[in-house]
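Novice: Have a look; sequence and predicted model below, questions after that.
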Amino acid sequence: MAKSSADDGELRRACEAAIEGTKQKIVMSIRVAKSRGIWGKSGKLGKGHMAKPRVLAISTKAKGQRTKAFLRVLKYSTGGVLEPAKLYKLKHLSKVEVVTNDVSGCTFLLGFDNLRSQSVAPPQWTMRNIDDRNRLLLCILNICKDILGRLPKVVGIDVVEMALWAKENTPTITTERNLEDGPVAATVTEGDMKVTVEKELVSQAEEEDMEALLGTYVMGIGEAEAFSERLKRELQALEAANVHAILENEPLIDEVLQGLESATSCVEDMDEWLGIFNVKLRHMREDIESIETRNNKLEMQSVNNKSLIEELDKLLERLRVPSEYAACLTGGSFDEARMLQNVEACEWLTGALRGLQVPNLDPSYANIRAVKEKRAELEKLKSTFVRRASEFLKNYFASLVDFMISDKSYFSQRGQLKRPDHADLRYKCRTYARLLQHLKSLDRTCLGQLRKAYCSSLNLLLRREAREFANELRASTKASRNPTVWLEASMGSSQNANNADTSTVSEAYAKMLTIFIPLLVDESSFFAHFMCFEVPALVPPGGVANGNKAGSNDDDANDDDLGIMDIDDNDGKSKNSAELAALNESLHELLDGIQEDFCAVVDWAYKIDPLRCISMHGITERYISGQKADAAGFVRILLDDLESRISTQFSRFVDEACHQIERNERNVRQLGVLSYIPRFATLATRMEQYIQGQSRDLVDQAYTKFVTIMFVTLEKIAAQDPKYADILLLENYAAFQNSLYDLANVVPTLAKFYHQASENYELACTRHISMIIYYQFERLFQFARRIEDLMYTITPEEIPFQLGLSKMDLRKVVKSSLSGVDKSITVMYKKLQKNLTSEELLPSLWDKCKKEFLDKYDSFAQLVAKIYPTESIPSDQQIAGLCGPSRPALNCFSLLVGRDRPSCMVEGY
C-alpha cells in the first residue's frame, strides 16, 4: 500500500514552518482536495467550484492546565510554499458528515456551530483513499474525546466499522517472559500503549503428561466409578509410602529441629537488639526533627526580617519629603524662569499623595501613625501651594488685562480700525497651563475662582475692544440715509430718494462679524483648554470658525493647542455634560455684555436703511451654520440674539409699512390705481436685491403680510363705494399683475399672489360687464330668465300660454329691446369707457363685454327657437355684425393683462 501523507515527515515540517510563532504543535498533517458543496446535496463540482489542493493540519496548544485543539487549513502559495488559509477551533466542531453521493466514500464535510453565515456552502474535503479518511477522522474524534470530553455528531459512517478499522490497522508488539508459573504474553497496542497480561494455568509438558495418563486407560462411559475408585486406591498407596519415608528420616528431622531452635534464639536476641536500636534511632530522629524545625524557624525569621527591612526602606522613601520640593511648594517664586521647578514639585506632590492611597499602598500600612502623619503633612503642603498659586494667577490675569487696557494702541482709534490681537496674551497665559493642570489634579475646587477671575478680567478687555471697534466702524462708514416710508399715500412720486446705495452698511456689519466672531470662538476654545474643561474640541481639525473657508484670519493655526496632556483623565466621559454646563456658564461670564455693541451696529444700520436687515439676516445665518462645536455655545447664543434682533427690526419696518397701506382706507374716495400698488413693486425689487443666503424665508413672510394687507385694504376701499367697486378692483388687480410680472417669474410666493390677483381681476370684470349688459337689455334677458325658471316645472309647449309669456309678449320685448340695438351697443361702450380711469384696459374689457353679450343673446335665441318655433327674431350673426369691430387700443399696455402666468407658479395656486 502506498505511503499515506499522514506519515510524511517533510509535510509535517512544512506545516510547522507555516505556523511558526503560534506556539502550536502539529499532531497530524494530511493532503486533501477542497471543493464546495451543500449539506445533504451532491458533491459534484461545477464551474467556479473546482477542487483545490489543500493541507489539513491538526494542532494543539497548551495554555496552563488546559489544552486547546485546532484544525488548520493551509494552501500552497505561488512559490509552492505552504501558508495558513483558515483556522477552526475543534471545540466548535458539531458535525462530521461523509458525503453519501461519493461512491468512493472519501469525501466528507466538517460542520462548525460558530460560522457567521450558515447559508454559505461549507467546503468538502476529499481524501486519496479510505485509509487516509479514517486516519484523519479517527484522530479528530480521539482529540475531541480526550481534550474536549465530547464527540461531534457523526453522519454517513458506522462507528463500529471505524473501531474495527482502527484495531486492524494499529500495529502491536508482543513480548514474552518466563515466570515461575509459566510464560507470560504481553500485548502492547501502539495506539493507546495499554498492556494486557494473561497467565497460562498448565504448562505444555503437564498437558502432555495428562494426555498420556488418560491414554493408558481405555474405559467406557459406564466405568467412571471404577476409574474413580482406582485413582483413590493409588492415591492412598502413595500417601502411605510418603509417611513411611518420613518416619525413616526422623533423625534428620531432629537435627533440623535443633538447628531451628538455635536459629530461633538467635533471631530473638537479634530482635531484642533491633528493638533497642529502634528506640535509640527514634529518639535521634525526634532530636533531628526538633533541630530542623528550629533551623527552619530561624531561616524564615531571617527572610522575614530581610523583607521587612526592604519594605520599611521603601515606605521611608515614600514618606521622605525632598527639601528642594518642600521649599518650592511653601515659598518658591512663580516667575516664568521658575515654572519648571514648580511643575516638578507639583508632579512629585501628586505622586506622593497617590502613593499613600490604599490602591497604591498596602492596606496594612494605611493605619500606621507615621503614614497618617505624613499624609497630613502632604495635605498641608498641597493646601499651601494651591492657595499661593491661586492668588498669584488671579493677580497675574488682572495685571495682564490692565496693561493692555492702559495701552491705547491695542484699540481702534479715529481713522484707524484695529483688529484685536490676543497672541501675546495667550502666549503669556500658556506659560502657566501646566501649572493649572496640576492645580486641577491637586484641588479641583480652586479652578472655580480662577475661572471667574480670568473671565472678569478678559471680559473688560473684550467689551472695550468691541465698543471701540463698533464706534469707529460707524464713524468711518459713509452712507446716505434712506427713508423708512415706502407705501405712504402722501409720499407723492419722489421715489428716487430710496435708490441711494447703502451697501456699506451691511459691509460694516459683515466686517464686525468677520473680525469678532472668530475671535470669540478662539477665546472660547482657548478658555476651555486653558482652564482644563473636559469637553470636545471647539473647532475640529480642518474646520473653520466663521463658516467661510476663505475668511479664516487666525494668527496661529494651532493657537489653542496648549501642548499639554490631561493629567487627570480617569473620570471618563460621564462628567462631560456637567463640564459642558460649567463651561457655558463660564463663557457667559467671559463674553457677557459684548452683544450690546453688536446690537448697536444693527440698530444703526436699521436707521440708515431698514431693508439692509435682509442682507444682515443672511450674513448672520451663514455664521450660525458655521458654529458646530459644543464649546461655542455662547457664540451661537450671541448670533441667535443678533438674528432675533434683526428679525424684530425688520418686522417693525414691515408693520410700519402695513400701517401705511391701511392709512389709504381713510381717504374719502379713491379712483384709479392706488398708490401703494406700484410702490410695492419697487419695494419688492429692492428687497430681492438684498437677499443673501437663507434670508428668503424672512422676505417671503414680509411679502405675505404686505400683499395680504394690500388686498384687504383694496377690498375695504372698494366696499365704501359699491357703484364703482368693481372698476376700482379690476384696475388695481391689473396694475398689480403688470407691475409684478417679472418678479413673479422668479419668486414663488409672489407667483401665488399673482395668481390670486388674476382670479380677483376676472371676477371683477365679470361683475362689471354683466351690470352694463343688464342695464341696456334688462327686459330681454329677464324674459329669458322667466322662461328658464318655468322650464323646471312645466313642458315647453305650455310656456307660450302662461301670463306675460305669450307670443305677443315676446314680440313686444324683442321690438323694445332690439330696435336701435346699434345705439344700445354704443351706449354700452361709452358707459364702459366713462368710469374707467385706465384707458389701456378698455380694449380688452370691450372684447369681454361683446363676447358676454353675444353668448347671452345666443342662449336667448335658442330658447325662442325651442319655445316659439314659429316666431322669428334677429340671428346672433346679425347682432354680432351690429356690434362692429372693437375700438383700437390706446397703447399696448392691455396686452399685459391676461397674458401667460409666471412660469414659477406651482400647480394648485
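Specialist: Everything's here; your move.
Novice: CA only for contacts and neighbour counts going forward, please
Specialist: Noted.
Novice: where along the stretch 401-550 of the chain do the helices fall?
Specialist: 423-430, 433-442, 446-476, 503-530 (DSSP state H, counting those that start in this stretch).
Novice: could you dump those to a markdown table with mean neighbour count, distance to residue 103 and mean pLDDT?
Specialist: Output for the helices of the stretch 401-550 of the chain, formatted as a markdown table (neighbours: other Cα atoms under 10 Å; distance: least, Cα to Cα, whole Å; pLDDT from 0 to 100):
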| stretch | mean neighbour count | distance to residue 103 | mean pLDDT |
| --- | --- | --- | --- |
| helix 423-430 | 14 | 82 | 83 |
| helix 433-442 | 21 | 77 | 79 |
| helix 446-476 | 19 | 83 | 85 |
| helix 503-530 | 20 | 76 | 85 |
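Novice: Next SSE downstream of the host helix or strand of residue 814?
Specialist: According to DSSP states H and E, residue 814 maps onto helix 807-818. Per DSSP H and E, the first helix or strand lying C-terminal to helix 807-818 is helix 821-834.
Novice: so what does that next one touch, helix or strand wise?
Specialist: Where contact means 3 or more Cα pairs under 8 Å, 6 or more residues apart in numbering; DSSP states H and E, helix 821-834 is packed against helix 748-776, helix 842-867, helix 876-883.
Novice: out of those helices, nearest to residue 792?
Specialist: For residue 792, the closest of the helices and strands packed on helix 821-834 is helix 842-867, at 13.5 Å, according to Cα to Cα.
Novice: Quick one: closest of the helices of the stretch 401-550 of the chain to residue 16.
Specialist: From the helices of the stretch 401-550 of the chain, taking Cα to Cα, the stretch that ends up closest is helix 433-442, at 53.3 Å.
Novice: Between helix 446-476 and the closest one, find me the angle.
Specialist: For helix 433-442 against helix 446-476, the angle between stretch directions is 140 degrees (axes from the mean of the first three to the mean of the last three Cα atoms, to 10 degrees).
Novice: So which residues make contact with the helix holding residue 814?
Specialist: 777, 779-780, 783, 800, 868, 871, 873 (Cα atoms under 8 Å, 6 or more residues apart in numbering).
Novice: Pull out the buried residues from those residues.
Specialist: Among the contacts of helix 807-818, the ones that count as buried by 16 or more other Cα atoms under 10 Å are 777, 780, 783, 800, 868.
Novice: what residues does stretch 772-786 touch?
Specialist: 805, 813-814, 817, 824, 828, 831-832, 849, 853, 856, 860, 863.
Novice: now those: which count as buried?
Specialist: Buried among the contacts of stretch 772-786 (16+ other Cα under 10 Å): 805, 813-814, 817, 824, 828, 832, 849, 853, 860, 863.
Novice: which residues of the stretch 101-250 of the chain fall in helices?
Specialist: Counting by DSSP H, counting those that start in this stretch, the stretch 101-250 of the chain has helices at residues 130-143, 159-168, 204-216, 224-248, 250-319.
Novice: would you list those helices in CSV and tack on distance to residue 453 and mean neighbour count?
Specialist: CSV is the format used below for the helices of the stretch 101-250 of the chain (distance: least, Cα to Cα, whole Å; neighbours: other Cα atoms under 10 Å):
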stretch, distance to residue 453, mean neighbour count
helix 130-143, 73, 17
helix 159-168, 86, 12
helix 204-216, 115, 10
helix 224-248, 128, 11
helix 250-319, 36, 12
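Novice: and of the helices of the stretch 401-550 of the chain, who's closest to residue 328?
Specialist: Of all those, it is helix 433-442 that lies closest to residue 328, at 13.2 Å by Cα to Cα.
Novice: what's the least confident helix or strand in the protein, going by average pLDDT?
Specialist: strand 195-199 (a mean of 37; mean pLDDT, DSSP states H and E).
Novice: and the closest residue to residue 455 other than its chain neighbours, how many neighbours does it have?
Specialist: Spatial nearest neighbour of residue 455, excluding adjacent residues (Cα to Cα, 6 or more residues apart in numbering): residue 590 at 4.3 Å. As a burial measure, residue 590 scores 27 neighbours (other Cα atoms under 10 Å).
Novice: got it, and residue 754?
Specialist: Per other Cα under 10 Å, the neighbour tally for residue 754 reads 27.
Novice: same question, the one 3 residues further on
Specialist: Residue 757 is flanked by 22 other residues according to other Cα under 10 Å.
Novice: cool, and residue 679?
Specialist: Number of residues near residue 679 (other Cα under 10 Å) recorded here: 18.
Novice: could we number from 42 for the rest of this?
Specialist: New numbering, starting at 42: the last item is residue 720.
Novice: how far away is it from residue 780?
Specialist: Residue 720 sits 9 Å away from residue 780, going by Cα to Cα, to the nearest Å.
Novice: do residue 58 as well
Specialist: Noted for residue 58: a distance of 90 Å to residue 780, by Cα to Cα.
Novice: Between the two, tell me which one has more neighbours.
Specialist: Remark: of residue 58 and residue 780, residue 780 carries more neighbours, 18 against 13, as counted by other Cα under 10 Å.
Novice: how much space between residue 203 and residue 183?
Specialist: Going from residue 203 to residue 183 by Cα to Cα gives 12 Å.
Novice: Now for those two: what residues contact both?
Specialist: With Cα under 8 Å, 6+ apart, residue 203 and residue 183 have no common neighbours.
Novice: Leaving out the residues flanking it, which one is nearest to residue 553?
Specialist: In this structure, residue 553 finds its nearest non-sequential neighbour in residue 511, 7.3 Å apart by Cα to Cα, 6+ apart.
Novice: which one of the helices of the stretch 142-291 of the chain has the lowest average pLDDT?
Specialist: Here the lowest mean pLDDT among the helices of the stretch 142-291 of the chain goes to helix 245-257, at a mean of 71.
Novice: re the thing from before, got the buried ones among the contacts of helix 848-859 as CSV, with distance to residue 428 and pLDDT columns?
Specialist: What follows is the buried ones among the contacts of helix 848-859, written out as CSV (distance: Cα to Cα, whole Å; pLDDT from 0 to 100):
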residue, distance to residue 428, pLDDT
818, 106, 73
821, 108, 73
824, 109, 76
841, 118, 78
909, 118, 79
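Novice: which one among those gets closest to residue 301?
Specialist: With Cα to Cα as the yardstick, the closest approach to residue 301 among the buried ones among the contacts of helix 848-859 comes from residue 824, at 174.2 Å.
Novice: Would you list the phi and psi of the closest one?
Specialist: phi -60, psi -40 (degrees, to the nearest 10).
Novice: do you know how far it is from residue 864?
Specialist: Going from residue 824 to residue 864 by Cα to Cα gives 21 Å.
Novice: Would you mind confirming that residue 503 is in contact with residue 632?
Specialist: Yes. Using Cα atoms under 8 Å, residue 503 is in contact with residue 632, at 7.4 Å.
Novice: possible to save the contacts of stretch 813-827 as TSV with pLDDT and distance to residue 66?
Specialist: Converted to TSV, these look like this (pLDDT from 0 to 100; distance: Cα to Cα, whole Å):
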residue	pLDDT	distance to residue 66
846	77	123
854	74	124
855	74	124
858	69	123
865	73	121
869	73	116
872	73	116
873	71	113
890	75	108
894	72	110
897	77	110
901	75	113
904	78	113
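Novice: In a markdown table: those residues, plus distance to residue 462.
Specialist: Formatted as a markdown table, the contacts of stretch 813-827 follow (distance: Cα to Cα, whole Å):
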| residue | distance to residue 462 |
| --- | --- |
| 846 | 99 |
| 854 | 96 |
| 855 | 96 |
| 858 | 92 |
| 865 | 87 |
| 869 | 80 |
| 872 | 78 |
| 873 | 75 |
| 890 | 76 |
| 894 | 81 |
| 897 | 83 |
| 901 | 89 |
| 904 | 92 |
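Novice: where exactly do the helices run in the stretch 642-791 of the chain?
Specialist: Ranges of helices in the stretch 642-791 of the chain, per DSSP H, counting those that start in this stretch, are 653-666, 674-703, 717-731, 737-761, 766-780, 782-785, 789-817.
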